[in-house]
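A.B. asks: Fold the stuff below for me.
(2 chains)
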Amino acid sequence: EADIYQTPRYLVIGTGKKITLECSQTMGHDKMYWYQQDPGMELHLIHYSYGVNSTEKGDLSSESTVSRIRTEHFPLTLESARPSHTSQYLCASSPQGRAKNIQYFGAGTRLSVL
Amino acid sequence: GESVGLHLPTLSVQEGDNSIINCAYSNSASDYFIWYKQESGKGPQFIIDIRSNMDKRQGQRVTVLLNKTVKHLSLQIAATQPGDSAVYFCAETSASGGSYIPTFGRGTSLIVHP
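C.D. replies: Take a look at the predicted model:
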């Protein structure tokens, strides 16, 4: 069982609200990632980080921002939520070394924007 | 208005049968190929990976085959059990720039009938 945690698990909010999705891992992994996934569909990379103070945009522009002030914490913020943001958001981390290509995922946050 | 949905590829098998899940990839420069299992309400979980210089790798009840000529990857599950019911994703990663940022394919839903 991977030690990566996401909160909240479910969130229903109104359009225009600012929200932050939390992600924490206790494995000491340097790399962390945020993905957007519609039910049963492929994962789309939103943001990733190589380590503290490192953030990069992924392929999917979701009008969100991330920060990496501590190794274990990688929150995702939507400044102004829209119905098109309704989806599942998955956080992941990966180690260095031999297992660098393997990602460990949290259980996800299912977001509904009304 | 008319809506068009993408249906998730589905494989239905009987308990005890062998399952084969297929995946086509596009990047001939990929270094690793990985299979993930995603159960309902959970994040993807690593199953097995294979390096691009191999054509077969076996794990516990699972075997991954890689055919670089036709850019095809398969996951074989022996003696499929109801607990194997999930969506399975393949992913490919490249060491380009040391990033190992994976690209995920569309999932396949495996349904195991008792």
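A.B. asks: Surely residue A:54 forms part of a strand?
C.D. replies: No: with DSSP: H, G, I helix; E, B strand; the rest coil as the criterion, residue A:54 is located in coil rather than a strand.
A.B. asks: and it, how far is that from residue B:102?
C.D. replies: For residue A:54, the distance to residue B:102 equals 18 Å [Cβ to Cβ, to the nearest Å]. Using the backbone N, CA and C atoms, a C-beta is placed for each residue, glycine as well.
A.B. asks: More neighbours: these two, which one.
C.D. replies: Neighbour count, other Cβ atoms under 10 Å in any protein chain shown: between residue A:54 and residue B:102, residue B:102 has more, with 25 against 12.
A.B. asks: what sits against the residue nearest to that one when sequence neighbours are not counted?
C.D. replies: Nearest in space to residue B:102, with sequence neighbours left out and distances taken as Cβ to Cβ, 6 or more residues apart in numbering or on different chains, is residue B:91 at 4.1 Å. With contacts defined as Cβ atoms under 8 Å, 6 or more residues apart in numbering or on different chains, residue B:91 is in contact with B:33, B:34, B:35, B:36, B:102, B:103, B:104, B:105.
A.B. asks: Am I right that the first one is in contact with residue B:47?
C.D. replies: Read it as residue B:33. No: using Cβ atoms under 8 Å as the test, residue B:33 is too far from residue B:47 to be in contact (11.4 Å).
A.B. asks: And these two? Which one has more around it.
C.D. replies: Taking other Cβ under 10 Å, residue B:33 and residue B:47 do not tie; residue B:33 has more neighbours (26 against 19).
A.B. asks: May I ask which helix or strand encompasses the more buried one?
C.D. replies: Here residue B:33 sits within strand B:32-38, counting by DSSP states H and E.
A.B. asks: Mind listing the strands that strand pairs with, and their directions?
C.D. replies: Using DSSP bridges, strand B:32-38 pairs in its sheet with strand B:45-51 (antiparallel), strand B:86-93 (antiparallel).
A.B. asks: Would you mind giving these as JSON lines with mean pLDDT added?
C.D. replies: Below are the strands paired with strand B:32-38 laid out as JSON lines (pLDDT from 0 to 100):
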{"stretch": "strand B:45-51", "mean pLDDT": "95"}
{"stretch": "strand B:86-93", "mean pLDDT": "93"}
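A.B. asks: For chain A, which residues score under the pLDDT cut-off?
C.D. replies: Along chain A, the model assigns pLDDT under 70 to residues A:1-2, A:61-62.
A.B. asks: Could you check how far the residue nearest to residue B:61 when sequence neighbours are not counted is from residue B:63?
C.D. replies: Closest residue to residue B:61 in three dimensions, ignoring its sequence neighbours and counting by Cβ to Cβ, 6+ apart: residue B:78, at 4.8 Å. For residue B:78, the distance to residue B:63 (Cβ to Cβ) stands at 8 Å.
A.B. asks: For chain B, which helix or strand comes out least confident on mean pLDDT?
C.D. replies: strand B:103-104 (a mean of 89; mean pLDDT, DSSP states H and E).
A.B. asks: neighbouring strands for the helix or strand just after that one, and are they parallel or not?
C.D. replies: Using DSSP H and E, the helix or strand that directly follows strand B:103-104 along the chain is strand B:108-113. According to DSSP bridges, strand B:108-113 forms sheet pairs with strand B:10-14 (parallel), strand B:86-93 (antiparallel).
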